[in-house]
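*Asks:* coords below, sequence missing:
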């Protein structure tokens, strides 16, 4: 096949579903997916995540090319012929892929590429809280309370790979029955419980502890951490989401 160069070839079919990127399916002897990103850091991060997943032989699309420095930034990935797992089956179907990716260790905390690296998980979360407070000054007191609670937690977290955008549509099942996670542009190294908390936000669960059966070591400490991370993810939605419905839901649940 001709190696992708970021340009949209003749006959490409647009399959964009989100707000941040544009995505095309390119047919051929080896079909692939071309993504154009509004944020170059996300392109760099997804390229790094796919490279890591392929290195660990984890089921994931194969990276065919990437140019985060291009305008627009882009990646090309092998096409995955699979069906999305229904939201009603998501909590059960995620067990296998999450066990696999949460075993992959990280050399630092934070995004894999395109963003600042941190030595400690707590430092990364403090930095995120500062970002949310700056974007939504009326939520500064909420952010301050989360800062304070964060300082009371045990920070002995060994960073592991996180998908960090778990939601319906990002988990698919291939024709072999194997579950596969897509869309790795927000991947990070950190506490796997943060993945479960974000999943609870995306599924609209009233209690994030409903995801703890997916945790490697559930227990009282895990319960406390997943609730804290859940509120941090709600604050992220309340402060940064471009979807007014998501932003309103985040503010409502926080209050």
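*Replies:* Arrived safely. Please read these numbers as outputs of a predicted model, since none were measured by experiment.
*Asks:* buried stuff in stretch 233-250?
*Replies:* For stretch 233-250, the neighbour count (16 or more other Cβ atoms under 10 Å) marks 233, 234, 235, 236, 237, 238, 239, 241, 247, 249, 250 as buried. (Glycine included, C-beta is placed from N, CA and C.)
*Asks:* distance of the residue nearest to the second one when sequence neighbours are not counted from residue 169?
*Replies:* Spelled out, it's residue 234. If the residues on either side of it in the chain are set aside, residue 234 comes closest to residue 250, at 4.6 Å by Cβ to Cβ, 6 or more residues apart in numbering. Separation of residue 250 from residue 169 (Cβ to Cβ, to the nearest Å) stands at 19 Å.
*Asks:* same question, residue 235
*Replies:* Applying Cβ to Cβ to residue 235 and residue 169 gives a distance of 23 Å.
*Asks:* with residue 85 instead?
*Replies:* 9 Å.
*Asks:* give me the more crowded residue out of those two.
*Replies:* Taking other Cβ atoms under 10 Å, residue 85 and residue 169 do not tie; residue 85 has more neighbours (19 against 14).
*Asks:* checking residue 25 next. Helix, strand or coil?
*Replies:* strand (DSSP: H, G, I helix; E, B strand; the rest coil).
*Asks:* picking that back up, what about the residue nearest to residue 234, which SS state?
*Replies:* Residue 250 is classified as helix under three-state DSSP.
*Asks:* per-residue pLDDT, it?
*Replies:* At residue 250, the pLDDT value in this model is 97.
*Asks:* number of nearby residues for the closest residue to residue 81 other than its chain neighbours?
*Replies:* Distances taken as Cβ to Cβ, 6+ apart place residue 175 nearest to residue 81, at 6.5 Å, with adjacent residues excluded. Around residue 175 there are 8 other residues, counting by other Cβ under 10 Å.
*Asks:* hmm, residue 80 and residue 175 touching each other?
*Replies:* No. Proximity of residue 175 to residue 80 does not meet the contact threshold set by Cβ atoms under 8 Å, at 10.1 Å.
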